[in-house]
Each structure stands twice: as C-alpha cells, then as structure tokens.
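>>> Predicted model and sequence below, questions to follow.
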Amino acid sequence: MTRRLLPRVAGGVLVALLLPAGVAWAAPSADIVGLTSEGDQVRAVVEVADIAPGTEPDPGSVTMTVNGAEVPAEATLAADQVQIDQVAVLVLDTSRSMTGDKLLDAKAAALGFLDQVPDAVRVGLVTFDSQTRVVVQPTTAHVDVEESVQGLQASTEGATELYDAVILTSGQFGSADVGTAVVLSDGADRGSQATVGEAARAAKRSGAVFDSVAFGGESAQVAALQQISSATGGTVSDAANADQLAAVFDAAAADIANRYVVVGTIPADFTAESANVAVSMVVGGATVADSATVVLAPSSTGGNPDQYAPAPVPPPGPLATFVQDNIWLALAGIFVALLVLVFVATSAARKDDATGGSRMRRSLAVYTMGSKGPTKERETTVLGDTQVARSAVEFAGRVVARRDLESAVGGRLEAAGVPLKTPEWLLIHVAVMVSSGLFFMFLFSFQVIPTLLGLFLGFIGPWLYLSRKESNRSKAFLAGLPDTLQLIAGSLSAGYSMPQAIDTVVREGRPPISSEFNRALIETRLGVPIEDALDGIAVRMKSQDFAWVVMAIRIQREVGGNLAEVLSTVGDTLRERERLRRQVQVLSAEGRLSAWILGLLPVAFASYLVLVRPDYLQPLIETLAGWVMIGCGVLLLAIGSFWLSKVVKVEV
C-alpha cells in the first residue's frame, strides 16, 4: 500500500488557510491494500484518500476487471464488514526525550486517532524506550487502548529501541487482511539488539504498512524510518509541533475509515492461475481506480489446492543478513579480493615464464651457461614457509603419491604454466571447494541443496580455470610457432647449430615459446637428445603441428638435407593454416555462441531456481513423472550440445 501522508498533510494545512470551507483540497486517489481470492470470488480492499470519512461509493459506478475482462462486482464500506480483519497498531516513543509536552502531544494525537478509527478495526499499542513492550494486544475494545495511552509515562533512561519495537510490532498482525502501523519516534535508535535492515525485513514480511512520524528530525532518525517505511510501501512525515502531529494521525485514521471492499465473481470458464485485477468506482463525485495481481484460488481454476500454497521461507542466515545490511561493503570486499587474486596469479605466472618456468631451472642452473653455481635454498611453498604449510603440502604429497596423480595433474599444471606443484594444487583445490560450500551454506541458511551446489561449483571451478589457462597457453604457442620456425631457419642459414638457434629463440622469443624452448635447451645440456627434448614441447603443448616439425628435424638428422629450407617451408604452411583457422573462428562465432547459450541456459536457470525458489522444482523430484522429465531433458540437452559442437567445429 502506498500513501503520501506528508504531502497530504502539508497541502491540507496550506489549502485550509487559503480556501473557504467545504472546498476539496486534493483529488481523491485509490490504493488496493488487500487482494485475496476465495472460491469463485475475488475480494479487493480499496483505500480511498482525500474524501470525507464514511462517504459511500456510487453502486452503479463500481467495476472490476480480471485480466481485462469485466466481472460483476459490488462495493461496501469495510468498516461495516466485521469479516474483514483490519489491524492498526500505534507504536509510540516513550524514551526520556519525550518528557513533558512532547509526550502530551503524542498522547493527544493517538487519542484523536482512536476517536476516528472505525469500531470494527482492531487497534493495538506498542511502546519503546530502553525496552519494547506490547501494552495492548490488537483489540476492538478501543476504550482499553485509550486508557493505556492516557497512562503512558516517559522513561527515565535515554535509550531508544526503535528497531526492536518495529520487529515486535510486526508480530502483532498475524493473519490480518489489512494491517497498518503508525510509528512515532523523536530520535535515532540507541540500544536495539536488531539492525535497521532486520527491522525493515520483519516489517515487510508482516504484510502491513508502516507509516512513520519523525518527531525530531535527526538525519539518522529520518533515514532509518525511511528505510523501514519504504520496505512496506509507507511514508515518513515530519512533525515539528502538536498541530502537525495531530494532522498526521488524523490522516492515518481517515485512510483506515475510507476503506471499501469490492467483491467480484470470476467466470466459470476462467482457467488462469493468477490475474491482474483492476477496480474503479466513483466516490464523492470523483472516479478512483487501482490495479494489482492476485493468485487465484484453486477451486476457481480447477487446480490442486496444495499447488499454490506458499512455501515456507527460511529465515536468512548470518552471512545473508550481513550481505543484505552491508551490500556495498560486501561487493567492495569481493572486488578487492578478486583484484588481489588476479594480481598474485598474474605475477606468479609472469615470474615463472620470465625465469624459465619452475624451481627446476634454479636447481639445474649449475649445468647451464652463465651459472654462478648452486645456492642452498630453504624449501618453501606457495602457501608459505611455515611449518603448518610445509606439513600440509607433505601430507598432500603422500596422497598424490598413493593415488598416482602426479602424471595426470602435474602434466596439466606444466602445460598451463601454473607455478604450482601437484600437492599445492590439491590443497588449494580442496580449500576452494570447502570455501564455496561454506559460503553457499551460510548464504542460504544451511539448506542442503545450495550447499551441495556450492561444493560442486568449488570442485569444477579450479579445473575450469586450469583448462582455460592450458587452452590459452596452447593457442599462444601455436600462434607464435610460424615466426619461431622462421627465426630458427634464419639462424641455421647464418651458420648456427640447432642448440644455438634454440638459444636465440629463448633470448628473443616471448612466453610461452621462450620458456618451453628454454626447458628443452636445459634438457639437452643434461644429455637428452635434442629431438626428444623438442618432442616433449609438442606433448606438453598438445601441438600436432610442432610434432611434425620435430619429425622433420629427425629425418634431416638421419638422411641429411637443408633443414633451414624445410623449417621455412613448414613455417609458411603453419602461417597459412593459422590464417584459415582464424577465418573459420570468425565465421563460426555466432554458432559457437549459440551453442554455449543453449547449452548453459537450462543449467543456469535450474541452478537459479534451486537457490531462490526450490519449491518450483519439487514436482520434478517428488514424482516419477518428474524424474522421467528430468532424464529426458538431460538426454536431449546432451544430444543437442553434442550436435551443435560438431556443427560449429571445423578442422583446419
């Protein structure tokens, strides 16, 4: 429900001074504050502002449309219908700052509210100072509330537990059809256990509208009241004196008194599950209208009554609460963490490529040209040189040895240029998986499915990163290979030997070519045949093109010939193949993008529903037909993805 108490009060005071009595000072407006469906009927509670209290609508002017189709409807005053449960709660500040005239003015405004509110409305009273208390439960015995208001006393303590009072008030509405809270505070919150974010969420979950009155005007106070009221569709009004305070409470009572119940009948052939309901009527000579969306009752649509029952919403977890209350701080922290991670990873990769790729080169530096001899170096890890880090790496190393993971994982790490040992990679992988699972567990209040999804994402994430690094490094090697062969051919033509030509590539090339050829050069100085060392590059880079180059070198060394001319010819061939490969990538870009979107969209949307609205997927996992549909969907998705990948993949 949306109200505009402050503009209405301010405008009313101004116009009341300028216009003669009996002249309307604002155009009436309507707001649907309650919309329910029961059987074949739709019931809308419409609140009309800026008309004389108790004004009856013109019966012949009442219209209701459901999804654009007009249905029979009639309107009556909500105050005349006891079956409409209306609850209004007065939330008054009784802290020490309210001592004296402030509390007297607040009590007078509250008593004026009670005099005008209809008898059928249940009214409650909540006060707050250093404690929050429900003085009177919502009741139609307004006399009890009046007596309690008259007996209010200001506290001798200065604390103001505004947020706790809002949460306590939110529990007073229960299953009421329409709820309203009028909150009066003369200062900022001081002493609440809850935060303003928690108070706003509790007020929103109550379904009631919280209209606030700032009886003091502190910036922190107004900002907090604005956040709470905005979450429920209410507004914040400033009241600097008793007259303005009384005017705000009178306007709130007038809103409650000017509520009408419009009941419409849904046609028997209407099958939609939800509908947009629009209501229009003439009240006090003016036409007012509003619209809202309602979920229709199962009996009117022939559905299952349990199908539309709202799923219970678990309370937010501590991490979710912190993120919601400090969203910008959380986003900034994530951004800084990503920057640090990227910087560390980039620096490590550059250092690895620039120095030759690994600790192996430093250990073998004694066998290379220009060495200054071995230096004793303390064993360190990327996790640090502490005893805990070294022990963890040693334990992971034993696991790697037992599972024989070194050949599989170590080769991929070398191909991707990641400066990590296999045990270090395993520890980081496990840490990422556990952290992701814990993050999703706290974010979604310890729900099982989101936690498992977090563990799965943490498991596949590092492998996807490693595959991406490996693919990018292989592509960079393949792109620079034609120029490298041309450089080797030129060096051989100038009279260099093959090791000298490779040393030229190491000195003048760029990673990953320079680092890979440097490793091959070190291996040759240790006695490995140069063909075998170069063949290791082809294996690590998974490059069939370079394997052919190594084959040409082997043949030349066995039967002789002009190797420089052979390498130059191969380089020209590879350069032309690279041009064709890039042209094919450009022409197939649209198809590859479509394949990615069509393949990932169902998975991404299903993951979103699992995290946000798991009740949507319950029919799929709780019935045999649902599991059959899931199986068929997965099978069709796999077939479609495989077919699209074959269509867009062109071998060059």
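Received the coordinates, thanks.

>>> all helices of the stretch 551-652 of the chain, in order?
563-587, 589-612, 618-622, 624-648 (DSSP state H, counting those that start in this stretch).

>>> Now the first one: average pLDDT?
Averaged over helix 563-587, pLDDT sits at 83.

>>> for that helix, which positions count as buried?
When neighbours are counted by 16 or more other C-beta atoms under 10 Å, the buried residues of helix 563-587 are found to be L563, A564, V566, L567, S568, V570, G571, L574, E578, R581. (Glycine included, C-beta is placed from N, CA and C.)

>>> ok, back up a step: TSV for the helices of the stretch 551-652 of the chain, including distance to V261?
Below are the helices of the stretch 551-652 of the chain laid out as TSV (distance: least, C-beta to C-beta, whole Å):
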stretch	distance to V261
helix 563-587	65
helix 589-612	34
helix 618-622	35
helix 624-648	40
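
>>> out of these, nearest to G151?
With C-beta to C-beta, the closest approach to G151 among the helices of the stretch 551-652 of the chain belongs to helix 589-612: 47.9 Å.

>>> what's downstream of the helix ranked longest in the chain, the next helix or strand?
Ranked by residue count under DSSP state H, the longest helix found in the chain is helix 448-493. As assigned by DSSP states H and E, the chain's next helix or strand after helix 448-493 is helix 498-508.

>>> Can you point out the buried residues in that next one?
M498, A501, I502, D503, T504, V505, V506.

>>> What number of residues are in the vicinity of G560?
For G560, the neighbour count with other C-beta atoms under 10 Å is 8.

>>> Correct me if wrong, but E157 is in a strand.
No. Read with DSSP: H, G, I helix; E, B strand; the rest coil, E157 is coil and lies in no strand.

>>> Isn't it up against D129?
Yes. Counting by C-beta atoms under 8 Å, D129 is a contact partner of E157 at 6.4 Å.

>>> So for the two, which residue has more residues nearby?
More crowded of E157 and D129, by other C-beta under 10 Å: D129, with 24 against 13.

>>> before we move on, the earlier item: so which of the helices of the stretch 551-652 of the chain is nearest G397?
Nearest to G397, of the helices of the stretch 551-652 of the chain and by C-beta to C-beta, is helix 589-612 at 35.0 Å.

>>> tell me the angle of that closest one relative to helix 448-493?
150 degrees (axes from the mean of the first three to the mean of the last three C-alpha atoms, to 10 degrees).

>>> quick one on the thing from earlier: from the buried residues of helix 563-587, which single one is nearest V178?
R581 (67.7 Å).

>>> Any idea how many residues pack against R133?
That count, for R133 with other C-beta under 10 Å as the rule, works out to 12.

>>> Setting aside sequence neighbours, what's the nearest residue to T451?
M441 (4.3 Å; C-beta to C-beta, 6 or more residues apart in numbering).

>>> List the contacts of the one you found.
Applying C-beta atoms under 8 Å, 6 or more residues apart in numbering, we find M441 in contact with G317, Q447, P450, T451, G454.

>>> What helix or strand is it located in?
Per DSSP H and E: helix 422-443 holds M441.

>>> Which positions within that helix qualify as buried?
Quick answer for helix 422-443 (16+ other C-beta under 10 Å): 422-427, 429-430, 432-433, 436-437, 439-443.

>>> what does stretch 160-179 give?
160-170, 172-173, 176-179.

>>> quick one: average confidence on that stretch?
88.

>>> can you check stretch 467-477 too?
84.

>>> What of stretch 232-248?
85.

>>> Next: stretch 609-623.
On average, stretch 609-623 scores 76.

>>> next one: stretch 491-501
Rounded mean pLDDT across stretch 491-501 is 84.

>>> distance between the ends of it?
Its start and end residues considered, stretch 491-501 measures 5 Å (C-alpha to C-alpha, to the nearest Å).

>>> thinking again about what came up before, what two of the contacts of M441 are the furthest from one another?
So, the contacts of M441 by C-beta to C-beta: farthest apart are G317 and G454, at 12.7 Å.

>>> And the two? Which one has more around it.
More neighbours surround G454 than the other of G317 and G454, with 23 against 16 (other C-beta under 10 Å).

>>> and the more buried one, what does it touch?
S436, G437, L438, F439, F440, M441.

>>> again, 10 Å this time
Residues near G454 by C-beta atoms under 10 Å, 6 or more residues apart in numbering: 433-444, 611.

>>> before we move on, the earlier item: name the nearest of the buried residues of helix 563-587 relative to G233.
R581 (58.7 Å).

>>> Surely the closest one and P482 touch.
No. The pair R581 / P482 is not scored as a contact, 11.7 Å apart, by C-beta atoms under 10 Å.

>>> shared neighbours of the two, anything?
L574.

>>> Going along the chain, name the helices of the stretch 51-200 of the chain.
101-116, 142-150, 162-170, 196-206.

>>> circling back to that earlier point, could you save the buried residues of helix 563-587 as CSV and add columns showing distance to L77?
Below are these laid out as CSV (distance: C-beta to C-beta, whole Å):
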residue, distance to L77
L563, 102
A564, 101
V566, 99
L567, 96
S568, 97
V570, 93
G571, 91
L574, 87
E578, 81
R581, 78
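
>>> about what we covered before: A604 is nearest to which of the helices of the stretch 51-200 of the chain?
helix 196-206 (27.2 Å).

>>> what's that closest one packed up against?
helix 162-170, strand 178-185, strand 209-214, helix 219-232, helix 318-325 (3 or more C-beta pairs under 10 Å, 6 or more residues apart in numbering; DSSP states H and E).

>>> And the longest one, how far out from the chain middle?
I take that to be helix 219-232. How far helix 219-232 lies from its chain's middle: 23 Å, per C-alpha atoms, centre = their mean, to the nearest Å.

>>> What residues of that helix count as buried?
Applying 16+ other C-beta under 10 Å to helix 219-232 flags Q221, V222, A224, L225, Q226, Q227, I228, S229, S230, A231, T232 as buried.

>>> could you dump those residues to CSV with distance to N258?
Compiled in CSV, those are given as follows (distance: C-beta to C-beta, whole Å):
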residue, distance to N258
Q221, 29
V222, 27
A224, 29
L225, 24
Q226, 25
Q227, 28
I228, 24
S229, 20
S230, 23
A231, 24
T232, 19
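
>>> tell me the least confident of those?
The model is least sure about Q221 among these, giving it 74.

>>> got the contact list for the residue lying closest to it once chain neighbours are set aside?
The shortest distance from Q221 to any non-neighbouring residue, by C-beta to C-beta, 6+ apart, is to A188 (4.2 Å). Listed by C-beta under 10 Å, 6+ apart, the contact partners of A188 are 160, 162, 196, 214, 216, 218-225.
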